[in-house]
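Asker: The following comprises the amino acid sequence and a computationally predicted model.
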Amino acid sequence: MTALPSTPNTARSGPTVIPGFAGTRTHRAAVALVVRHHHDGTGRCACCRHPFPCPTRTGALHTCAAASEPLTSIPPDTSYPATATTATTAVTLRSPQ
């Protein structure tokens with residue numbers, strides 16, 4: 001049996017940018033998540049207390065990258081309490097009109 005030749009990794013080096021994605025609700029929500037989920041200085045996320053970077057921030061950063069958001073332009077919200085509690089948010093679902 002012949003071994004297959006080794007091929008270099010052909011994955012793109014940068015994120016995939018989605019034209020027209022910047023400014024959408026999804027993009028704005030991702031920016032809000034990045035702002036809220038920041039390092040608290042102890043190795044934890046100030047919002048959810050997961051090890052930093054938390055899964056929420058990581059996913060939101062990928063979304064921001066798809067919108068070509070310069071990540072250095074997103075300052076952390078340091079006023080957010082480091083002792084975050086779980087909050088319940090009411091969501092109203094409407095059918096499309």
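Answerer: Arrived safely, thanks for sending.
Asker: Now do the contacts for residue 38.
Answerer: By C-beta atoms under 8 Å, 6 or more residues apart in numbering, the contact list for residue 38 reads 45-47, 57, 76-78, 80. To be clear about C-beta, it is placed using only N, CA and C from the backbone, and glycine gets the same treatment.
Asker: Can you list which of those are found in helices?
Answerer: residue 57 (DSSP state H).
Asker: Closest one of the contacts of residue 38 to residue 67?
Answerer: residue 57 (15.6 Å; C-beta to C-beta).
Asker: how close does the closest residue in space to that closest one that isn't next to it in sequence get to residue 44?
Answerer: In space, and not counting its chain neighbours, residue 57 is closest to residue 37: 3.9 Å by C-beta to C-beta, 6 or more residues apart in numbering. Distance of residue 37 to residue 44, computed by C-beta to C-beta, to the nearest Å: 10 Å.
Asker: where do the helices sit along this protein?
Answerer: Along the chain, the stretches classed as helices by DSSP H are 25-36, 55-66.
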